[in-house]
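Chemist: Below are the sequence and a predicted model for it; my questions follow.
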Amino acid sequence: MSTVKLLIDGKDHEFRVIEGSEGEKGFDIASLRAATGYITLDPGYGNTGACKSAITFIDGDKGILRYRGYPIEELAESARFPEVCHLLVYDHLPNRDELMEWRRQLTLNSYVHEAMVNVFDSFPPHAHPMAILSAMVSSMSAFYPEANTPETLDMAIMYLLAKAKTIAAYSYRKSRGEPTMYPLSDLSYVANFLRMMFGHPAEPYEVSPVIERAMGLLLILHADHEQNCSTSTVRMVGSSQANLFAAISAGICALWGPLHGGANQAVIEMLERIEADGGDYKKYIKMAKDKDSGFRLMGFGHRVYKNFDPRARILKKACDEVLGELGITDPLLDIAKHLEEAALKDDFFIERKLYPNVDFYSGIIYRAIGIPTNMFTVMFALGRLPGWIAHFREMRMERGERIHRPRQIYTGATQRKWVPLDER
Ligand code: CMC
């Protein structure tokens, strides 16, 4: 057994080395506090492994991303989103029969409880769709109590994967005061979603193959990213034995922030701001370098990728293809390319290894295929759903999983004596 030694207060302490299947190394400090009285302090958890996981591998220095061993480039090229969902959650690519049945179930289960449809009416008309999505996913615990126990986890997984797209589309329709559309069993996962978003109840809906492919690609590229903020939230909430719907709802809320999934909306708002400002992207590069400005180049930088984000590379290419095929010229794409080019030549960004991330180009594709800006993060959530579920399930399958409960270094007042009100 390989170990590391820590010299603490003049005494050696030995800790077991844990090695991953790709050679990643860590050492197990679970006994550290009991043995030494010390804890480790790692704000932002940049060096903390919270679990062992067999779902997604990332090598941030080499720009590698693999789901269950399959390179993201190959999945982006050849897979369909439902296949990727199955792969992530159940650790194997479905064969033809399995895939047919999986798809059938994803469609048959995509209706939502009629009483739930009425809940949509209670939200104010301009509610952010992420608020609606997280609330409705949490409310699934109330509407589907039969899928709310450890024994029915697979049923809950299917309900969630199938119904989330319906909830997402309904939140959009309701925000526009439009009637909801029911899913159709002869359409694919993506086509159903697009029809429920944009179709008219009185008209047949033609799904553009270019848009269907682009949307499928976006969902696949977002499907998992190991222990990111929202996935860690899902694991944190799930570790208390909370049900799947509650844990995923919490993950949706974590994703919403502009440093995480909310960055795709923030990128487009930033590009629109630059356009409205006469396209002067250099001014914004300057602002991003000035710490006092409070401005960051949205869609740039990543905790893990320090060379390039393979998802951004695929999306940049897809941007040109999708806009070209749809015959769209978007001035924001030019601004984005200029920004990227200028930032990649700038010492500030070079020294800090800041590259475009998945959110930098995704918004331009969403715009081109007609997704409104405030729905971008919902699209990210739909894509990330199988990843969250896979992590929740992996945690549940593991024996001896403990509730997540970090420690702290307390920096507040030491003991004080109570002061009665009239003496303060
Ligand atoms: N623009 C300008 N400076 C930046 C940026 C940026 N986008 N990102 C990081 N920096 C600087 C930061 O000021 C710091 O500089 P210094 O060392 O001089 O203090 C240095 O780079 C390291 O930044 P950090 O905030 O310590 O890095 P982090 O790993 O904690 O944060 C991040 C990662 C993604 C939150 C951050 O890069 C960021 O805020 N990016 C913009 C938001 C964004 O695009 N988020 C989407 C992330 S990818 C999709 C997802 O997983 O959600």
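Modeler: Sure thing, it's come through.
Chemist: What are the buried residues along stretch 143-158?
Modeler: Using 16 or more other Cβ atoms under 10 Å as the test for burial, stretch 143-158 gives 143-144, 147-148, 152-153, 155-158. C-beta: built from backbone N, CA, C; applies to glycine.
Chemist: Ignore what I typed, I meant stretch 392-402.
Modeler: Buried residues in stretch 392-402, counted by 16+ other Cβ under 10 Å: 392-395.
Chemist: and these near the ligand, which?
Modeler: Counting by Cβ under 6 Å from any ligand atom, nothing from these sits close to the ligand.
Chemist: any idea which of those is closest to His128?
Modeler: Nearest to His128 among those: Phe392, at 24.4 Å, using Cβ to Cβ.
Chemist: lowest-pLDDT helix or strand in this structure?
Modeler: helix 114-120 (a mean of 90; mean pLDDT, DSSP states H and E).
Chemist: what comes into contact with it?
Modeler: With Cβ atoms under 8 Å, 6 or more residues apart in numbering as the test, helix 114-120 has contacts from 132, 136, 139-140, 143, 170-171, 174, 180.
Chemist: Give me the residues contacting whichever helix or strand comes after that helix.
Modeler: Note on helix 114-120: by DSSP states H and E, the next helix or strand toward the C-terminus is helix 129-143. Residues outside helix 129-143 that contact it (Cβ under 8 Å, 6+ apart): 112-113, 115-116, 119-120, 123, 147-148, 159-160, 163-164, 167-168, 171-172, 174-175, 243, 245-246, 248-250, 252-253, 255-256, 262, 374-375, 377-378, 381.
Chemist: buried residues in helix 129-143?
Modeler: Buried residues in helix 129-143, counted by 16+ other Cβ under 10 Å: 129-130, 132-141, 143.
Chemist: sorry, back to before: in CSV, list the C-alpha atoms belonging to the least confident helix or strand of the chain.
Modeler: Output in CSV follows, covering the C-alpha atoms of helix 114-120 (Å, rounded to 0.1, in the frame of the first residue of the first chain):
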residue,chain,number,x,y,z
GLU,A,114,-52.6,17.7,-14.7
ALA,A,115,-52.7,19.3,-11.2
MET,A,116,-49.1,20.3,-11.8
VAL,A,117,-50.0,22.2,-15.0
ASN,A,118,-52.2,24.4,-12.8
VAL,A,119,-49.3,25.3,-10.6
PHE,A,120,-47.6,27.0,-13.6
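Chemist: ok, and the closest non-adjacent residue to the residue in the stretch 51-200 of the chain that the ligand sits nearest to?
Modeler: Relative to the ligand, the nearest point of the stretch 51-200 of the chain is Gly60 (10.3 Å; Cβ to the nearest ligand atom). Closest residue to Gly60 apart from its sequence neighbours, by Cβ to Cβ, 6 or more residues apart in numbering: Val304 at 3.8 Å.
Chemist: Could you report the neighbour count for that neighbour?
Modeler: Val304: 16 surrounding residues under other Cβ atoms under 10 Å.
Chemist: is it true that it lies in a strand?
Modeler: No: read with DSSP: H, G, I helix; E, B strand; the rest coil, Val304 is coil and lies in no strand.
Chemist: List the residues that contact the residue of the stretch 51-200 of the chain closest to the ligand.
Modeler: Gly60 sits next to 302, 304-307 when contact means Cβ under 8 Å, 6+ apart.
Chemist: which of these are close to the ligand?
Modeler: His302.
Chemist: buried subset of the contacts of Gly60?
Modeler: When neighbours are counted using 16+ other Cβ under 10 Å, the contacts of Gly60 contain these buried positions: 302, 304-306.
Chemist: quick one: which of these is nearest to the ligand?
Modeler: The ligand lies nearest to His302 out of those, by Cβ to the nearest ligand atom, at 5.1 Å.
Chemist: Spit out the contact partners of the closest residue to that closest one other than its chain neighbours.
Modeler: Nearest non-adjacent residue to His302, counting by Cβ to Cβ, 6+ apart: Asn357, 4.8 Å away. The contact partners of Asn357, by Cβ under 8 Å, 6+ apart, come to 263, 299-302, 305, 309, 311-312.
Chemist: quick one: which of these is nearest the ligand?
Modeler: Gly301 (2.3 Å).
Chemist: Ile58: what secondary structure?
Modeler: Looking at Ile58 with three-state DSSP, the answer is strand.
Chemist: so how many other residues sit close to whichever residue of the stretch 1-150 of the chain sits closest to the ligand?
Modeler: As assessed by Cβ to the nearest ligand atom, the ligand sits closest to Gly44 within the stretch 1-150 of the chain, at 5.7 Å. For Gly44, the tally of surrounding residues (other Cβ under 10 Å) stands at 8.
Chemist: where along the stretch 51-200 of the chain do the strands fall?
Modeler: Remark: strands assigned in the stretch 51-200 of the chain by DSSP state E, counting those that start in this stretch are 56-59, 64-67, 70-71.
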